[in-house]
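Enquirer: based on what follows, work out the 3D shape:
(one chain, ligands or ions: 2)
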Amino acid sequence: MLETLIVGASGYTGAELAAYLRRHPEVNIKGLMVSAQSADAGKIFSDLHPQLKGLVDLPLQPLTNVAEAAKGVDVVFLATAHEVSHDLAPQFLAAGCVVFDLSGAFRVDSPEFYTRYYGFTHQHGDWLKKAVYGLAEWQTEKLKQAQLVAVAGCYPTASQLALKPLVDAGLLDVQQWPVINAVSGVSGAGRKASMTTSFCEVSLQPYGVFTHRHQPEIAEHLGIPVIFTPHLGNFPRGILATITCRLKPGVGEEEVNTAFYNAYHNKPLVRVYEKGMPALKSVIGQPFCDIGFAIDGQHIIVVSAEDNLLKGAAAQAVQCMNLRFGFNETQSLL
Ligand SMILES: NC(=O)C1=CN([C@@H]2O[C@H](COP(=O)(O)OP(=O)(O)OC[C@H]3O[C@@H](n4cnc5c(N)ncnc54)[C@H](OP(=O)(O)O)[C@@H]3O)[C@@H](O)[C@H]2O)C=CC1
Ligand SMILES: CC(=O)N[C@@H](CCC(=O)OP(=O)(O)O)C(=O)O
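Expert: Ligands and ions are numbered 1, 2, ... in the order given. The predicted structure follows:
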């Protein structure tokens, strides 16, 4: 039985982690943590997240001393902001825990990237090198040895799962950079109140144009440049990415079908459509990323859909844990 901690359990992805882990037969939730200053410290988790009433009724504990909190713990999930994960992960790793970090703090092996896109100085270049990028379908072998898993970002998961089969099979004319337009629900911004995510402020709007940190995360792990434009939509959860690219001359439906089949025929959490396009309603509350595509001459449009809190965060983190410890990949997810 793995003893686990969820740090950031009052937040959206922390709550989804608790929902999965409570029904995992190989896992015990040892503690649900919030910050030392949290107004929620001492409250009962399920009073904040009543969907889990009677199922997870543990108290939210303030994280005051990492060494103390790590005692007897095998696995830690960090569902915390990037800077918080940056500080906490090395401490839990030093205490011998395996860490699954849902933030972006260890996803790209370049301290300069963090200065430029995250606005803080990265102090843990050693862990940046050792971290395994948690895009589960593509890192299965590396995950088996990982001490620190940097679970892939929500938009990067939807984008890369759609593009990687085509890139790796050499089917794209990469002179034309793939253009990724993605829309996210508001839960992507976390549970904390802010003016931009306030009910009456949200409609449908692009943001972070040419500057969003997920553009270099996607490009780095895909190995080719991309243009990425995120949009905030007025719905609670889900990401839909519409990706336009150019195929090499002579590449058609058969080659594209083969590439997707080879990539995902034995990957239970990616569903490739034979016809039609994915919709958010098919993935909300589900751990899947759904993918569809259409071809017109050399043009291809690939569409991917996921629940940002699940395949974009908590479900993928649990999937990575399952792969890391040799459990069934979809244990407690389906
Ligand atoms: N939301 C999404 O769709 C996705 C989020 N992510 C990433 O996952 C992480 C969590 O996101 P999300 O769940 O949305 O965030 P939330 O804002 O909903 O939750 C963050 C949690 O962290 C807690 N927290 C803050 N500081 C500390 C601290 N020092 N020690 C312990 N706990 C702390 C907060 O509680 P309190 O302040 O009360 O202590 C809160 O419970 C982020 O890094 C995010 O970028 C990744 C993919 C998708
Ligand atoms: C709608 C919204 O604000 N989305 C967030 C991305 C989600 C997230 O938390 O980012 P990571 O996946 O990198 O952790 C944003 O654009 O910053």
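Enquirer: give me the number of residues near Ile218?
Expert: Ile218 has 25 neighbours, counted by other Cβ atoms under 10 Å. C-betas here are computed from N, CA, C, even on glycine.
Enquirer: mind checking the SS state of it?
Expert: Assigned with DSSP: H, G, I helix; E, B strand; the rest coil, Ile218 falls in the helix class.
Enquirer: could you double-check that it lies in contact with Val226?
Expert: Yes - applying Cβ atoms under 8 Å, one finds Ile218 in contact with Val226, separated by 5.4 Å.
Enquirer: just to be sure, Ser85 is in a helix?
Expert: Yes - remark: Ser85 belongs to a helix, assigned using three-state DSSP.
Enquirer: what is the burial count for it?
Expert: 23.
Enquirer: ok, Arg246 next?
Expert: Arg246 has 18 nearby residues by other Cβ under 10 Å.
Enquirer: list residues touching both of Ile218 and Val226?
Expert: 159, 180 (Cβ atoms under 8 Å, 6 or more residues apart in numbering).
Enquirer: what does this protein put close to ligand 1?
Expert: Residues of the chain lying close to ligand 1 (Cβ under 6 Å from any ligand atom) are 7-8, 10-14, 33-35, 38, 40, 63, 79-82, 84, 102-103, 153-154, 187-188, 190-192, 308-309, 312-313.
Enquirer: now, which of the residues you listed lie within strands?
Expert: 7, 33-35, 63 (DSSP state E).
Enquirer: dump those residues into JSON lines; add distance to Ile284, neighbour count and pLDDT as well.
Expert: Output for these, formatted as JSON lines (distance: Cβ to Cβ, whole Å; neighbours: other Cβ atoms under 10 Å; pLDDT from 0 to 100):
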{"residue": "Val7", "distance to Ile284": "26", "neighbour count": "29", "pLDDT": "98"}
{"residue": "Met33", "distance to Ile284": "27", "neighbour count": "28", "pLDDT": "98"}
{"residue": "Val34", "distance to Ile284": "26", "neighbour count": "26", "pLDDT": "98"}
{"residue": "Ser35", "distance to Ile284": "29", "neighbour count": "18", "pLDDT": "98"}
{"residue": "Leu63", "distance to Ile284": "31", "neighbour count": "21", "pLDDT": "98"}
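Enquirer: between those residues, which is nearest ligand 2?
Expert: Distance to ligand 2 across these (Cβ to the nearest ligand atom) is lowest for Val7, with 14.6 Å.
Enquirer: check contacts around the closest one.
Expert: 14, 33, 63, 76-80, 88 are the contacts of Val7 under Cβ under 8 Å, 6+ apart.
Enquirer: that one bridge partners, please.
Expert: For Val7, the beta-bridge partners under DSSP bridges are Met33, Leu78.
Enquirer: report pLDDT for the residue lying farthest from the centre of the chain.
Expert: The C-alpha centroid of the chain is most remote from Gly250, which lies 34.5 Å away (Cα atoms, centre = their mean). Note for Gly250: predicted pLDDT of 97.
Enquirer: any idea how far it is from Val108?
Expert: Gly250 sits at a distance of 34 Å from Val108 (criterion: Cβ to Cβ, to the nearest Å).
Enquirer: one more: Ser187?
Expert: 24 Å.
Enquirer: count the neighbours of the residue in the chain positioned nearest to ligand 1 for me.
Expert: The nearest approach of the chain to ligand 1 comes at Gly11, 1.9 Å away (Cβ to the nearest ligand atom). Gly11 has 24 neighbours, counted by other Cβ under 10 Å.
Enquirer: how about the closest residue to Leu204 other than its chain neighbours, what does it touch?
Expert: Of all residues not flanking Leu204 in the chain, Gly233 sits nearest, at 5.1 Å (Cβ to Cβ, 6 or more residues apart in numbering). Contacts for Gly233 (Cβ under 8 Å, 6+ apart) come out as 183-186, 202, 204.
Enquirer: now the host helix or strand of Val183: buried residues?
Expert: Secondary structure assignment for Val183, by DSSP states H and E: strand 179-184. Residues 180, 182-184 are the ones in strand 179-184 that count as buried (16 or more other Cβ atoms under 10 Å).
Enquirer: over to stretch 128-142?
Expert: Applying 16+ other Cβ under 10 Å to stretch 128-142 flags 128, 131-139 as buried.
Enquirer: okay, the lengthiest helix in the chain in CSV with CA atoms only?
Expert: In terms of residue count, the longest helix belonging to the chain (DSSP state H) is helix 154-168. The C-alpha trace of helix 154-168 is given here as CSV (Å, rounded to 0.1, in the frame of the first residue of the first chain):
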residue,chain,number,x,y,z
CYS,A,154,-3.1,21.0,-19.7
TYR,A,155,-2.9,22.7,-23.1
PRO,A,156,0.4,20.9,-23.8
THR,A,157,-1.2,17.5,-23.3
ALA,A,158,-4.1,18.2,-25.7
SER,A,159,-1.7,19.7,-28.2
GLN,A,160,1.1,17.1,-28.1
LEU,A,161,-1.2,14.1,-28.1
ALA,A,162,-2.7,15.4,-31.3
LEU,A,163,0.6,16.3,-33.0
LYS,A,164,3.2,13.9,-31.8
PRO,A,165,2.1,10.9,-33.9
LEU,A,166,2.3,13.0,-37.1
VAL,A,167,5.7,14.6,-36.1
ASP,A,168,7.3,11.4,-35.1
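Enquirer: right, I'll leave it there.
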